[in-house]
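> 3D model of this:
(4 chains)
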Number of protein chains: 4
Amino acid sequence: MTTLPTSVTTVSPGHYLQFASDNTSGICPEAMQAFMAANSGFAASYGNDDATRLACDRIREVFEADAEVFFVFNGTAANSIALASLCQSYQAVICSDTAHVETDECGAPEFFSNGSKLLSAPHRHGKLTSAGVLEVITRRTDVHYPRPKVLTLTQSTEMGSVYQKGEISGISRIAQEHGLKVHMDGARFANAVAALKVAPADITWRAGVDVLCFGGTKMGLPIGEAIVFFDRKLGEEFSYRCKQAGQLASKMRYLSAPWLAMLTDGTWLRHAAHANAMAHRLSERIAGIAGAELLLPTEVNGVFVNLPEPAIARLKALGWTFYTFIGGGARFMCSWATTEEAVDHLADDLERVLAG
Amino acid sequence: MTTLPTSVTTVSPGHYLQFASDNTSGICPEAMQAFMAANSGFAASYGNDDATRLACDRIREVFEADAEVFFVFNGTAANSIALASLCQSYQAVICSDTAHVETDECGAPEFFSNGSKLLSAPHRHGKLTSAGVLEVITRRTDVHYPRPKVLTLTQSTEMGSVYQKGEISGISRIAQEHGLKVHMDGARFANAVAALKVAPADITWRAGVDVLCFGGTKMGLPIGEAIVFFDRKLGEEFSYRCKQAGQLASKMRYLSAPWLAMLTDGTWLRHAAHANAMAHRLSERIAGIAGAELLLPTEVNGVFVNLPEPAIARLKALGWTFYTFIGGGARFMCSWATTEEAVDHLADDLERVLAG
Amino acid sequence: MTTLPTSVTTVSPGHYLQFASDNTSGICPEAMQAFMAANSGFAASYGNDDATRLACDRIREVFEADAEVFFVFNGTAANSIALASLCQSYQAVICSDTAHVETDECGAPEFFSNGSKLLSAPHRHGKLTSAGVLEVITRRTDVHYPRPKVLTLTQSTEMGSVYQKGEISGISRIAQEHGLKVHMDGARFANAVAALKVAPADITWRAGVDVLCFGGTKMGLPIGEAIVFFDRKLGEEFSYRCKQAGQLASKMRYLSAPWLAMLTDGTWLRHAAHANAMAHRLSERIAGIAGAELLLPTEVNGVFVNLPEPAIARLKALGWTFYTFIGGGARFMCSWATTEEAVDHLADDLERVLAG
Amino acid sequence: MTTLPTSVTTVSPGHYLQFASDNTSGICPEAMQAFMAANSGFAASYGNDDATRLACDRIREVFEADAEVFFVFNGTAANSIALASLCQSYQAVICSDTAHVETDECGAPEFFSNGSKLLSAPHRHGKLTSAGVLEVITRRTDVHYPRPKVLTLTQSTEMGSVYQKGEISGISRIAQEHGLKVHMDGARFANAVAALKVAPADITWRAGVDVLCFGGTKMGLPIGEAIVFFDRKLGEEFSYRCKQAGQLASKMRYLSAPWLAMLTDGTWLRHAAHANAMAHRLSERIAGIAGAELLLPTEVNGVFVNLPEPAIARLKALGWTFYTFIGGGARFMCSWATTEEAVDHLADDLERVLAG
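A predicted model of the protein is given here:
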């Protein structure tokens, strides 16, 4: 076994999880402040409180749309019950074969929909292509194969890329022409908006998206995602679905109040921009390190690097945590809480272990 | 329409929801403190953090049992996925016909189990009886009727009563003799323990309970319930079930850390005892008011009263909120946050509107 | 143990199951003839064959309606997937508490709908009442209780009664006014039409029924029920549902061809009228026997009798099979195959054992 | 558009569906005879009849095993509920990416299991490989990915190939070592046994198969498949699952009696051997035709040929029906009912259109 270079500094416990995922970060100060402020006296339960009403209104303002809004506990549920509401069990959902709903939800979409099949389409850097989507939609029409009824795309994607406005509207048009609804998994929607510098409406309903699962947790909230139905009819009776699916919080104010704070004064975009900037900082450092190769362009808050196995092992021995992929890839995720010092420290260590 | 007596004092907004449900209360100070303390730096996600490990250990200590423990978001989910893990879709769950899983979950148990039927048994003050349970178990044995496989009882019950230790063990014995597992809906478990002054083990696994859904929200937490499998084999692979069912929190520390605080130095029981005491205070006052009739004995934190419809209407007009039942009943729930002043104020108003 | 009177004649094996259920009968000659005729050469599978096309057309003629028709394997599936197609998992189905879907399907409706709750309403001789239905529909409107979305009634009922045309339209009107769809479980629909001597349309779509599960098996077919959507929109994509639910026969002609024969020249009604007549014959005999008491009026092909336990035991010892109920009731079912001799034989034996 | 050569003979209606699928054939004489014989008098329903008892016994004899046997309506259901009985919703089923359960069941396995994901593994001529299976089993172990719990293989495969005894035991060993159960989709099991000339036990339980879905329809029955649990414990309570899933026939004798006939005096294998022989006859003819290329070896009753698109169009114009694949492939299926004349006729026509 390789011994580590003695010169490598050891990381403090506070740092070691910094790049594993954006969900290892805590609650950002603004959300925490709102959470504490919400803890005042009694409030109506199940979302009939003022904080929830105001947070829903704020989301409608941010999206410039009279949308139906629901707060649920996590992304697994948000995406799964939103998809289930858009199709029947004998219909199918088209997704990228890198989509989180396909690769990391332990069958949750199939569970909540009672059997809707996910049909995976090819991707480029994690993004669906019009040609790929069209092929899946038109592949079969017989009764032995589930009819595609929903298309889901992830913005920003699981591979750290971002759909341009025109890419979304292009794919959505194909979906609509064939009677499909368009769902967006926005676990990292904030990072996409911050990167693209567009109005949220431009990459959602104006581009043909029917439902957005707007991620809160990775953005800095303790718990909770918002499901935004731009077409109110699609959200009719959705509160019953939330209830039955175990996603109706009794003390809803603790989910919604932090949302209100995040969407005030651009807090969400400021944090997302910071996370993106940290990824770019890391990316730029890595571009200059011999032996490390960027696998994908850095568009938002994730950096995907090809590293030799021994380098990965040494980094891990130093206490750094990050996801790795079969074949040598590593993923470093940045969040609102990632510091420049940590980025530089990681880059320094990376340089040393590769030089080693 | 009846005019209100002018002498009745108006309630402040802080009070008006005080008796609607124990989930209109906020987060108790100890839980809030722990929540804030948990927000320090990065932590491993999905429950692989220290707070979660310690909270699980603490629950094992409290129950004097090497149990498997899982934290989930709410009671609907906790009960539904716990029940689903104990039976197949073609098997049945026996419950009281007043059980929350039967009356107030919008079909969640049937949804998560993919069709397990709830078979309701008669109750006395919300409590199942041995005779009633036995009748349902032995009613049918043919393939056209689902085989009872789980018995669920609520402690304390939806009608404000408490099962004595011997009642639980008596019913559990019948269940076990017929091959059923025993599940306890403990949304208000703390109130029962505080009322009975027993070791938690005595009214759970020592009395034949296999799985407890231990309620946190009504006890003073922001979010979250604990599922406690006293038989570890029953909890095998349950983490996969949580994941698929949208109940695996990524930032788990914010669910678990408050649990640790609540179960330290008897905080949970102190708060529960307070809630119970407030209910008794109210109950005693009501006993002396002409025109109000206690419908059920007050054993924990709920007071059930028979009131004339006009009195109910006047109380509501004064801003008091509480649940009512067909036929004239009203339910007043107390929590850790209920104050003596509020109880007295409510009782005074009640006296006035009945005198009115 | 009671010894049997020596004078009682023993029944031949051919008789002993005659009154257990109308599904212990075989295939009637006309259906058998059609089945054999269908077995000629090759035929397109999955319902794309001539026999199926013709059978669907024939059903449309019989009902004087441009209905969508699907043939499935059995009644459990027919009712369950029809109901599932009419509601979402978080909605409810109102049924009589004697309904087969509630009492004898081992949770199939909940399974196929992924959790739709059955809400049982009170009945009179197995028939729903307008008042009872209205009470269930308007009972609750909160999100914790599933919204009623379908009403199902059984024609003829599980208790041998028949809804009059006006009863159906009365109940349907209430359902429609509250946004519910109306489903009819017609496992014994033929017996009802034969008894009422009405046009099938008059007690289905003209009376507000949206979907009929038209029973074939009990009528004399080997296998198979027809699902008839009077509103074609409700049947859209239903073939996908059949496929996914394991109810799309590959050699469909063997299900459909016998239907065509049954619905030709009034065969179905002739057989149903015979079954009804046999029940009346038995009923009339029983009315004259001391110690036997008709529990319900005999309106179609079932006879419900109150008998002392020893008489039941003796009849069973003689080889007669029939269903019994807690409290002493017995059910004798007649079918197309029931003979006058068997009826008389049974009545004679009944008289003897009661004379005991 | 190409005009057809005038010399091509036109096919009679009796022939035109001959090669579309083995389920376009009718009922073979032996099964028909048994079906008619079963139609004698009354019989106990739901499988409690003599024919069903005898047919189950006969299956046990054929497999030399004390198996649990259930008759259900079709293959979609047989495979789906068998798979559902072997795993939980959060577990996965490994199958070939050409498996019928993956490609042609409209999501039925996911529906009946309430969400179990199918994980497809690579294949060689439709057959799983040990290496491919092992890779899928060991791919992931985290909670975000469903744990493989069942392996399903199709014998004979959807691509007309046959697993050798050693191939099955090799793959089964890997499955067992990792805690997976082994399921065999035997829609064309008879063709495999006839081709391999082995004892049925040798390619099922002796080779590690836990459950076989033994196909009846394609073999010559009107309706019905047998589910054979070689491990009786796995079949416990399966009758409840059948009932709830709409797969319990009331007049079971009509499903089971034909099975008894088929499995008597080697009828099933004689018919399967005939189907195989017809495929070989066609295959040999095609091997000698310029412009047609066998895509796969002909091991059982299917012939897979690469044909130019115009040739396919001409054949179809002549009335021949068969399945085609993207890229020019055609599938011709033979059955017990395929005649030498039809094979020769097809081959002649094929020769002509290719020469054309």
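
> could you list every residue that touches A:Leu350?
A:Arg285, A:Ile286, A:Ile289, A:Ala292, A:Leu307, A:Ala311, A:Leu315 (C-beta atoms under 8 Å, 6 or more residues apart in numbering or on different chains). For the C-beta atoms, the positions are set from N, CA and C on the backbone; glycine is no exception.

> Show me which of those residues are buried.
Buried by 16 or more other C-beta atoms under 10 Å in any protein chain shown: A:Arg285, A:Ile286, A:Ile289, A:Ala292, A:Leu307, A:Ala311, A:Leu315, out of the contacts of A:Leu350.

> So is stretch A:145-159 next to chain B?
No: Stretch A:145-159 is not in contact with chain B by C-beta under 8 Å from any C-beta of the partner chain; minimum separation 15.0 Å.

> So that stretch, near chain C or not?
Yes: using C-beta under 8 Å from any C-beta, stretch A:145-159 reaches chain C at A:Pro146, A:Arg147.

> how about the residues of the stretch 1-150 of chain A that lie near chain C?
Counting by C-beta under 8 Å from any C-beta, the stretch 1-150 of chain A sits next to chain C at A:Tyr46, A:Gln88, A:Ser89, A:Tyr90, A:Gln91, A:Asn114, A:Gly115, A:Val143, A:His144, A:Pro146, A:Arg147.

> Check the stretch 151-300 of chain A too.
A:Glu237, A:Ser239, A:Tyr240, A:Arg241, A:Lys243, A:Gln244, A:Leu248.

> Please name the residues that touch the closest residue to the last one other than its chain neighbours.
With C-beta to C-beta, 6 or more residues apart in numbering or on different chains as the criterion, A:Leu248 has its nearest non-adjacent residue at 4.7 Å, and that residue is A:Cys242. If a contact means C-beta under 8 Å, 6+ apart, then A:Cys242 has A:Phe70, A:Val72, A:Ile81, A:Leu248 as its contacts.

> any idea which element the first one lies in?
Just to be clear, that refers to A:Phe70. strand A:68-72 (DSSP states H and E).

> as a whole number, average confidence for stretch A:159-178?
Averaged over stretch A:159-178, pLDDT sits at 98.

> buried residues in it?
So, applying 16+ other C-beta under 10 Å, buried residues of stretch A:159-178: A:159-163, A:167-172, A:174-175, A:178.

> Same question for stretch A:281-299.
A:Arg281, A:Leu282, A:Ser283, A:Arg285, A:Ile286, A:Ile289, A:Ala292, A:Leu295, A:Leu296, A:Thr298, A:Glu299.

> Now for these: which two are most distant?
For those, the farthest-apart pair by C-beta to C-beta is A:Ile289 and A:Glu299; their separation is 20.0 Å.

> residues in contact with the residue in the stretch 251-356 of chain A positioned nearest to chain D?
The minimum distance from the stretch 251-356 of chain A to chain D, using C-beta to the nearest C-beta, falls at A:Ile326 (8.3 Å). Not one residue lies near A:Ile326 by C-beta under 8 Å, 6+ apart.

> That one belongs to a strand, doesn't it?
No: per DSSP: H, G, I helix; E, B strand; the rest coil, A:Ile326 lies outside any strand segment and is coil.

> How about the residue most central in space within chain A, nearest residue that isn't a chain neighbour?
Residue closest to the average C-alpha location in chain A (C-alpha atoms, centre = their mean): A:Ala187, at 2.1 Å. Among residues not flanking A:Ala187 along the chain, A:Gly215 sits closest, at 3.9 Å (C-beta to C-beta, 6+ apart).

> Now do the one you found, the pLDDT please.
At A:Gly215, pLDDT is 98.

> List of residues touching the longest helix belonging to chain A?
Longest helix of chain A, by residue count under DSSP state H: helix A:267-287. The contact list for helix A:267-287 (C-beta under 8 Å, 6+ apart) reads A:22, A:28, A:30, A:160, A:190-191, A:193-195, A:219-220, A:261-262, A:292, A:294, A:298, A:300-303, A:305, A:332-336, A:338-340, A:343-344, A:346-347, A:350.

> Produce a PyMOL select command limited to the buried residues of these.
A single PyMOL command selects the buried members of the contacts of helix A:267-287 (16+ other C-beta under 10 Å):
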select buried, chain A and resi 22+28+30+160+190+191+193+194+195+219+220+261+262+292+298+300+301+302+303+305+332+333+334+335+336+338+343+346+347+350
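
> Just the contacts of helix A:267-287: which are in strands?
A:Leu294, A:Gly302, A:Val303, A:Val305, A:Phe332, A:Met333 (DSSP state E).

> The second one contacts A:Gly160, correct?
Translated: A:Gly302. Yes: the criterion here is C-beta atoms under 8 Å, and A:Gly302 meets it with A:Gly160 at 3.6 Å.

> Sketch out the low-pLDDT regions of chain A for me.
A:1-15, A:327 (pLDDT under 70).

> Do a quick rundown of the strands in it.
Going by DSSP E, chain A shows strands at A:68-72, A:91-96, A:117-121, A:123-124, A:127-128, A:147-154, A:181-186, A:211-214, A:225-229, A:293-294, A:302-306, A:323-324, A:329-333.

> Kindly calculate the angle that the last one makes with helix A:267-287.
Spelled out, it's strand A:329-333. Calculated by axes from the mean of the first three to the mean of the last three C-alpha atoms, to 10 degrees, strand A:329-333 forms an angle of 140 degrees with helix A:267-287.

> Also the second one?
Using the same axes, to 10 degrees, the inter-axis angle of strand A:91-96 relative to helix A:267-287 is 50 degrees.

> Quick check: which helices or strands does strand A:91-96 pack against?
Counting contacts by 3 or more C-beta pairs under 8 Å, 6 or more residues apart in numbering or on different chains; DSSP states H and E, strand A:91-96 packs against helix A:100-103, strand A:117-121, strand A:127-128, helix A:130-138, strand A:147-154.

> so what does the fourth one touch, helix or strand wise?
It stands for helix A:130-138. Applying 3+ C-beta pairs under 8 Å, 6+ apart, one finds that helix A:130-138 makes contact with strand A:91-96, strand A:117-121, strand A:147-154, helix A:165-177.

> mind running it again at 6 Å?
Applying 3 or more C-beta pairs under 6 Å, 6 or more residues apart in numbering or on different chains; DSSP states H and E, one finds that helix A:130-138 makes contact with strand A:117-121, helix A:165-177.

> Can you say which of these is nearest to D:Thr154?
It is, among those and with distance given as C-beta to C-beta, strand A:117-121, at 18.6 Å.

> Say whether chain B is contacted by the closest one.
No: judged by C-beta under 6 Å from any C-beta of the partner chain, strand A:117-121 makes no contact with chain B; its nearest approach is 13.9 Å.

> Can you list the strands that that strand pairs with?
Strands adjacent to strand A:117-121 in the sheet, as given by DSSP bridges, are strand A:91-96 (parallel).

> Outside of the strand it pairs with itself, list whatever touches it.
A:83, A:101-102, A:116-121, A:123, A:128, A:136, A:146-152 (C-beta atoms under 6 Å, 6 or more residues apart in numbering or on different chains).

> quick one: A:Val193 from chain B, how far?
Going from A:Val193 to chain B by C-beta to the nearest C-beta, to the nearest Å gives 21 Å.

> no no, A:Met184
18 Å.

> That residue against A:Gln155, yeah?
Yes: distance between A:Met184 and A:Gln155: 5.4 Å, which falls inside the contact criterion (C-beta atoms under 6 Å).

> okay, these two: which has more neighbours?
A:Met184 (29 against 26; other C-beta atoms under 10 Å in any protein chain shown).

> in the sheet, who's paired with that one?
A:Leu153, A:Leu212.

> May I ask you to confirm that A:Asn79 is in contact with A:Phe214?
No: the pair A:Asn79 / A:Phe214 is not scored as a contact, 11.0 Å apart, by C-beta under 6 Å.

> So for those two, which sits in the more crowded spot?
A:Asn79 (33 against 29).

> which residues does A:Val119 contact?
No Val there; residue A:119 is Leu. A:Ala92, A:Ile94, A:Val136.

> how far away is the residue nearest to A:Met262 when sequence neighbours are not counted from A:Thr24?
Residue nearest to A:Met262 in three dimensions, not counting chain neighbours: A:Trp268, with 4.5 Å by C-beta to C-beta, 6+ apart. Here the criterion is C-beta to C-beta, to the nearest Å. By it, A:Trp268 lies 19 Å from A:Thr24.
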